[in-house]
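Trainee: Structure for this input, please:
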Amino acid sequence: MLVDDQELVRSGLRRILRRKDGFEIVAECADGDEVPDTLRSAGADVVVMDLRMKRISGMEATRRLRAGDSTDHPAPPVLVLTTFHDEELLSEALRAGAAGFVLKDSPAEELIRAVRVVAAGDAVLDPAVTARVLDTYRSVPAPGRARGAAALEMLTARERTVLELIGRGMTNDEIAAELVISVVTVKSHVGKIFRALGVRDRAAAVVFAFDHGVVAPRA
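Mentor: Alright, predicted model coming up:
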């Protein structure tokens with residue numbers, strides 16, 4: 001589902017996310033307040049969400065979407081469209097539960113990859129973007145986010161390695177190939193990491209990794 005208040009942007013996204021490449025645009029919204037009703041009627045595996053809209057921002061729409069998440073009715077992951085000048089909104093979108101960020105001037109191939117990655121349950125956080133939002137993200141305490149050094153000490157050496165690779169933006173498949181282990185084993189490690197760190201999703205784990213020196217932000 002595409003959510004952007006500019007028809008020109010949505011048109012461009014439609015041309016990139018083509019059926020022949022395995023995508024289907026099931027619905028479009030021109031503002032964040034249209035998301036709940038549209039999603040209920042159309043359904044979607046991924047929501048591609050602009051941050052800046054006139055009535056309800058993408059950040060608020062993401063928060064509402066994730067707030068309604070449940071085991072019986074899981075909310076689809078949200079992939080945020082943004083620019084380098086949206087550090088504060090990016091931080092809020094991350095807190096709201098966005099699964100990833102894509103810059104609006106990124107190549108089409110990067111958007112295609114990002115949609116596939118978040119659809120598979122992974123996160124897409126460009127390290128350059130993450131580095132810019134860390135200061136804002138740190139400035140407001142978030143319940144259950146990071147528990148510091150004590151949480152890291154709960155991880156085994158292998159789990160810490162997996163966390164580092166998550167922080168570098170690798171998917172489960174890529175981590176499995178890097179460590180020569182099965183994807184099932186990677187998923188088991190990821191689940192244990194989430195529980196130890198007190199984070200709810202992969203995006204939060206990425207920020208934890210940057211925030212506690214497991215991965216160094218790029219300049």
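
Trainee: And the contacts of stretch 42-50?
Mentor: Under the criterion C-beta atoms under 8 Å, 6 or more residues apart in numbering, residues 1-6, 9, 13, 17, 26-27, 32, 35, 39, 58, 61-62, 65, 76-81, 98, 115, 118-119 lie in contact with stretch 42-50. Any C-beta I mention is one placed from the backbone N, CA and C, and that applies to glycine too.

Trainee: Endpoints of that stretch, how far apart?
Mentor: Counting by C-alpha to C-alpha, to the nearest Å, you get 19 Å between the two ends of stretch 42-50.

Trainee: list the buried ones in that stretch?
Mentor: Within stretch 42-50, the residues that qualify as buried by neighbour count (16 or more other C-beta atoms under 10 Å) are 44, 46-50.

Trainee: With stretch 27-41 instead?
Mentor: 27-35, 38-39.

Trainee: Nearest spatial neighbour of the residue sitting nearest the centre point of the chain, chain-adjacent residues omitted?
Mentor: Using C-alpha atoms, centre = their mean, the residue of the chain that lies closest to the mean C-alpha position is A99, 1.6 Å off. In space, and not counting its chain neighbours, A99 is closest to P77: 3.8 Å by C-beta to C-beta, 6 or more residues apart in numbering.

Trainee: Tell me the bridge partners for F101.
Mentor: Counting by DSSP bridges, F101 forms beta bridges with V80.

Trainee: Could you measure from it over to G68?
Mentor: In this structure, F101 lies at 22 Å from G68, with C-beta to C-beta, to the nearest Å as the measure.

Trainee: Ramachandran angles for the residue nearest to the centre of the chain?
Mentor: Dihedral pair for A99: phi -90, psi -10, per degrees, to the nearest 10.
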